[in-house]
Structure formats: structure tokens, C-alpha cells
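Asker: just need the structure, nothing else, for what follows:
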Amino acid sequence: MIEAYVDAARRSRPATAALQDYYGQVYEHLLRFLKDRSNAPILHVAYTIDRRSEFLTLGGQGYIIHDQYLGQSFNKLNRILFARHGSAKLSQSYASKWLAERFVTLGCLKLGLFAGLLCRQFEARAHEDGDPNDIPAETTSQRQQITTVQECFVMGHELAHFMFPRDQQNFMEGVRARVDEFFSFKEMTAAVDPELTEEASQKALEDGAAHYRKILASNESEYLLELFADDFGGMVATQLAHYIYKIPLSQCQLGLILAFKYTRLFRHLELLARALAPLEWPAPAG
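Answerer: Residues are numbered from 1 along each chain as shown. Have a look, this model is predicted:
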């Protein structure tokens, strides 16, 4: 049933057996955080142009669709982060690639072709001074660790969507208790931007805490669900990555922060694609 849903809802291709096995092992570790696994969602690994993982229920059975292309996209952005040179051009190339694929799904083939050509041009210019991804083995290991954290976070986030309706009140009490603790770590902002002054770093932490306190005070179920999912996903991803995969806590923090930044980037690109799409399909006159 889940295969039929994915095939009907997305442009997809099946994940390889090796990837199915790898993600299955990660998911088994995550299920240990459930008190009762008897009705746990079934993991389905897909590879779709949507770059979107989700939790859903079909025929009374819960499923978590983990989109491997989302993890691959995180990995690509992490490559840009650690590139030896040409990060700006590589970023422009990736944004053009994202838009090209989205234009095609929106039926805007001319815009898709244009964005695809831009992608190739930006990529070529980034390679003019050599391979920007020719980096030391230690840096490659850091990139791989960060990507692992991010994929664990995505799975944990979707598992939280299954858990939340079952004990919402207790879950939110835990989130409220952790907000102030989480935003007390000055190392968190330093991991993202080491050049921030102490005053700017403190303001960033205070603004972040205020934002989440506002969401908690709103009692709007949709926002609370996403806040809990981010909180739970970050917590289980950190524990799994650190204690099972032996990834340093500093790398866990950086991976989570970057995951939030990347998903926000995807939302901005989606808005841009939808704003530009009418250029190919203008509204009828009158």
C-alpha cells in the first residue's frame, strides 16, 4: 500500500538494498526511544525529487517515509560548506539545480532548462581553480558525521509526529523545561559563526529563546507539534550519533543547526519557484 502511495504522489525510484539496510539499522536504534513498539510506524525508504520525509497513516498502519534524496541534498550542502574554494559559485549552482527540478515538477520546462544551464555554468566556474571538493580525509570525515546527524534528526522528527498525539501534555512539559537550557549554550552560536562577538552571540540566544517561548505560549497544536518534533528529533539524533556512532557533541550541534538552515533554504527556494512559475504560465487575460 505504501509503495502505491509513493508512486502516485511523487516522482520516485526505489532505494538500493544497501541503503534500505543502513536506514533500517538507524531506525531500529531510534525505536528504542519508544515505550511501546507494538504499533510503531513502518519505515519506508524512498528516493524522490520532493526531498521530503513524512509520517502518515494508511489503512490503520503508520508509516515513516524517509526520502534519501533529502539526505543526499544535505550532504551536497555540507560539501559546499567544506569546499576548498568557490563556495559562492557552488551555492548558486545548487540553488539553480533545486529550482530546475522544481520548475519541471511545476510543468515549467523552459524555466527548468534555463535554471539547469545556470547550474552547469556556476559549477564550471567553481572548478576553474581546481576541484573544490579535494579536501583532507579528516574534513571528509567531519562532513560525513554531520550528514549522519542530520539524517538521524529527520527520522527522529517524523517519529515524533507519531508520538505527539499519544501524550501531548507530558511531551510539551519536557519541551518547556529544555528551552532555557538549550539556549544557554553559547557554544551553539559559536559553532555556526565563530566571528560573532559575545554581545551578538548573547542576543542570538535570547532571540531564539524568546521565539520558542512565544510558540509555547500560543498553544496552537500545529506549531506545538513541530516544536516537539524538532526538540525530540534533535535529542534522539544527538544521543544516537554520539553514543552509537561516536560522533563528537560539537559535530552533533553543528549538524542540527545546519539542518534547520538547510530546510529554511528549501522553503525560500520553494517560494521563489512559485513566484517565478507564472512567467511561463501567465494568468489568462481578463
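Asker: any idea of the mean pLDDT for the helix or strand harbouring Ile215?
Answerer: Here Ile215 sits within helix 198-218, counting by DSSP states H and E. If you average the pLDDT over helix 198-218, you get 70.
Asker: ok, now which ones touch the residue lying closest to Leu106 once chain neighbours are set aside?
Answerer: Counting by Cβ to Cβ, 6 or more residues apart in numbering, Ala277 is the residue found nearest to Leu106 once chain neighbours are left out, at 5.1 Å. Placement of C-beta: from N, CA and C, glycine included. When contacts are counted by Cβ atoms under 8 Å, 6 or more residues apart in numbering, Ala277 touches Phe103, Leu106, Cys108, Leu111.
Asker: now the third one: how far from Glu280?
Answerer: Taken as Cβ to Cβ, to the nearest Å, the spacing of Cys108 relative to Glu280 amounts to 4 Å.
Asker: those two: who's more crowded?
Answerer: More crowded of Cys108 and Glu280, by other Cβ atoms under 10 Å: Cys108, with 22 against 15.
Asker: my guess is the more buried one contacts Pro282. True?
Answerer: No: under the criterion of Cβ atoms under 8 Å, Cys108 is not in contact with Pro282, lying 11.4 Å apart.
Asker: any regions of the stretch 1-150 of the chain where pLDDT drops low?
Answerer: For the stretch 1-150 of the chain, the stretches flagged by pLDDT under 70 are 1-12.
Asker: ok, which stretches of it are strands?
Answerer: Along the stretch 1-150 of the chain, the segments classed as strands by DSSP state E, counting those that start in this stretch run 12-14, 42-48, 54-58, 61-67.
Asker: give me phi/psi at Asn133?
Answerer: Torsion angles at Asn133 (phi, psi; degrees, to the nearest 10) stand at phi -100, psi 10.
Asker: I figured Tyr212 was touching Leu227, is that so?
Answerer: Yes: using Cβ under 8 Å, Tyr212 makes contact with Leu227 at a distance of 6.6 Å.
Asker: what does stretch 246-263 contact?
Answerer: Contacts of stretch 246-263 (Cβ under 8 Å, 6+ apart): 73-74, 77-78, 81, 142, 145-150, 153-154, 185, 187-188, 191-192, 230, 234, 237-238, 241-242.
Asker: thinking again about what came up before, export the strands of the stretch 1-150 of the chain to a markdown table and tack on mean neighbour count and distance to Gly24?
Answerer: Shown next, in a markdown table, are the strands of the stretch 1-150 of the chain (neighbours: other Cβ atoms under 10 Å; distance: least, Cβ to Cβ, whole Å):
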| stretch | mean neighbour count | distance to Gly24 |
| --- | --- | --- |
| strand 12-14 | 15 | 14 |
| strand 42-48 | 20 | 6 |
| strand 54-58 | 14 | 17 |
| strand 61-67 | 21 | 10 |
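Asker: the ones you listed: which one's closest to Ala115?
Answerer: Smallest distance to Ala115 across those (Cβ to Cβ): 19.1 Å, for strand 42-48.
Asker: and Ala95, how far from Cys119?
Answerer: 8 Å.
Asker: ignore what I typed, I meant Pro248.
Answerer: To Cys119, Pro248 is 34 Å away according to Cβ to Cβ.
Asker: who has more neighbours, these two?
Answerer: Set Pro248 next to Cys119 and count neighbours by other Cβ under 10 Å: Cys119 wins out with 20 against 12.
Asker: quick check: closest non-adjacent residue to that one.
Answerer: Distances taken as Cβ to Cβ, 6+ apart place Ser96 nearest to Cys119, at 3.9 Å, with adjacent residues excluded.
Asker: pretty sure that neighbour is touching Arg125, no?
Answerer: No: in this structure Ser96 lies outside contact range of Arg125 using Cβ under 8 Å: 11.9 Å.
Asker: which SS class is the nearest residue to Val149 once chain neighbours are set aside?
Answerer: Nearest-residue entry for Val149: Gly255, 3.2 Å, with adjacent residues in sequence omitted and distances by Cβ to Cβ, 6+ apart. Three-state call for Gly255 (DSSP: H, G, I helix; E, B strand; the rest coil): helix.
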